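Participant: no sequence for this one, just the structure:
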């Protein structure tokens, strides 16, 4: 079945009114793209701006629109939409241009086509990240199997890849790993695939705990090998004491610069003189800020990896 994607340009201030008018005219399943909503998202997630796609942000500047979809054969529906928009232009001059653009979409199996965006991702020399529907793929690499539809980290980002490359050299059989900001659990799972005996993943988002546990199960891992927890180690004293009561050979922190800086004072509590700390998610422009914060708490930079605009650090306690 072939479809048309129809886009109606409007203003952020009137997008809800236009959507209501289109719904009243018989159109459903509307997709609203509101510039103001995007700007609010940025403001509410200021600490995570390092991950905002600047190109996407530029494209969305000043744009609000409504998208809907009709079968290419539905000429009556298309004509009705054009008439509806013409009426709205005449009666609501403050609703923007209400310009209509159309784009034909290919005849595709939409339920399956999204999977094409998640091919196998070889990382380093030993690992490959696979979506769960390719779990049986033949490979000489260690498989890290994920449900990419659950987001929270799929291995595509350079920061995650650099940590996994570091881990290939540092993970030893039976070692103990702590993953702060674990998201999908990808780094914990990679550590276990590389021979770690135990991994604990901690994230402040409770959804991440369930997602990480589910992804671990795809790989055959469960407690006590893998444990997923929800909490903030800088604010939850009980969790801090629980985690600091164990010793870790490798601590993983793949977040963003400002969060790493905030975590810096507690990180030494998880490290022994023989532990490694891997920090990533650091834009090159923030590298000096992060290294200064980590060095202030007694950590020593042992190596820096670079990929595109991102940096990853390997640290130990200062002897």
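Facilitator: Yep, that arrived. This structure is a prediction, so every number in the text was calculated from the model and none was measured.
Participant: Just the strands from the stretch 51-200 of the chain, written as ranges.
Facilitator: Taking DSSP state E, counting those that start in this stretch, the strands of the stretch 51-200 of the chain run over residues 64-71, 100-105, 121-123, 127-131, 142-146, 176-180, 198-203.
Participant: could you say what helices and strands the second one packs with?
Facilitator: What that stands for is strand 100-105. Contacts defined by 3 or more CB pairs under 8 Å, 6 or more residues apart in numbering; DSSP states H and E place strand 100-105 against strand 3-10, helix 75-91. Where C-beta positions appear, they are placed from N, C-alpha and C, glycine not excepted.
Participant: same thing but 10 Å
Facilitator: Helices and strands touching strand 100-105, by 3 or more CB pairs under 10 Å, 6 or more residues apart in numbering; DSSP states H and E, are strand 3-10, strand 64-71, helix 75-91.
Participant: Then the shortest one?
Facilitator: Contact partners of strand 121-123 among helices and strands, from 3+ CB pairs under 10 Å, 6+ apart: strand 127-131, strand 142-146, helix 158-170.
Participant: if we go to 8 Å?
Facilitator: Packing partners of strand 121-123 (3+ CB pairs under 8 Å, 6+ apart): strand 127-131, helix 158-170.
Participant: closest to residue 248 out of these?
Facilitator: helix 158-170 (11.9 Å; CB to CB).
Participant: Pull out the buried residues from that closest one.
Facilitator: Within helix 158-170, the residues that qualify as buried are 158-167, 170, counting by 16 or more other CB atoms under 10 Å.
Participant: so can I have CSV of the residues you listed showing distance to residue 104 and pLDDT?
Facilitator: As requested, the buried residues of helix 158-170 are exported to CSV (distance: CB to CB, whole Å; pLDDT from 0 to 100):
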residue, distance to residue 104, pLDDT
158, 35, 92
159, 37, 93
160, 36, 94
161, 36, 95
162, 41, 97
163, 42, 97
164, 40, 97
165, 42, 97
166, 46, 98
167, 46, 98
170, 51, 97
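Participant: out of those, who's nearest residue 135?
Facilitator: Comparing the buried residues of helix 158-170 against residue 135 with CB to CB places residue 164 closest, at 18.3 Å.
Participant: how close does the closest one get to residue 125?
Facilitator: Separation of residue 164 from residue 125 (CB to CB, to the nearest Å): 10 Å.
Participant: now residue 205
Facilitator: Taken as CB to CB, the span from residue 205 to residue 125 is 32 Å.
Participant: These two: who's more crowded?
Facilitator: residue 205 (13 against 9; other CB atoms under 10 Å).
Participant: Quick check: the gap between that one and residue 254.
Facilitator: Separation of residue 205 from residue 254 (CB to CB): 14 Å.
Participant: same question, residue 11
Facilitator: Where residue 254 is concerned, residue 11 sits at a distance of 39 Å (CB to CB).
Participant: Out of those two, name the residue with the larger neighbour count.
Facilitator: For residue 11 versus residue 254, neighbours defined as other CB under 10 Å are more numerous around residue 254 (25 against 20).
Participant: Can you give me the neighbour number for residue 318?
Facilitator: 12.
Participant: from here on, count from 16
Facilitator: Okay, residue one is now 16; in that scheme the one you just asked about reads as residue 333.
Participant: so who does it touch?
Facilitator: Residue 333 is in contact with 313-315, counting by CB atoms under 8 Å, 6 or more residues apart in numbering.
Participant: Quick check: can you name the pairing partners of the longest strand seen in the chain and their directions?
Facilitator: Longest strand in the chain by number of residues (criterion: DSSP state E): strand 286-298. According to DSSP bridges, strand 286-298 forms sheet pairs with strand 263-269 (parallel), strand 325-332 (antiparallel).
Participant: quick one, which of those strands is nearest to residue 105?
Facilitator: Checking these against residue 105 by CB to CB gives strand 325-332 as the closest, at 51.3 Å.
Participant: as a whole number, average confidence for that closest one?
Facilitator: Across strand 325-332, pLDDT averages out at 97.
Participant: cool, and stretch 284-296?
Facilitator: Here stretch 284-296 scores 96 as its mean pLDDT.
Participant: Show me what counts as buried in it.
Facilitator: 285-286, 290-296.
Participant: Equivalent analysis for stretch 257-277, please.
Facilitator: Those would be 258-259, 263-276, for stretch 257-277 by 16+ other CB under 10 Å.
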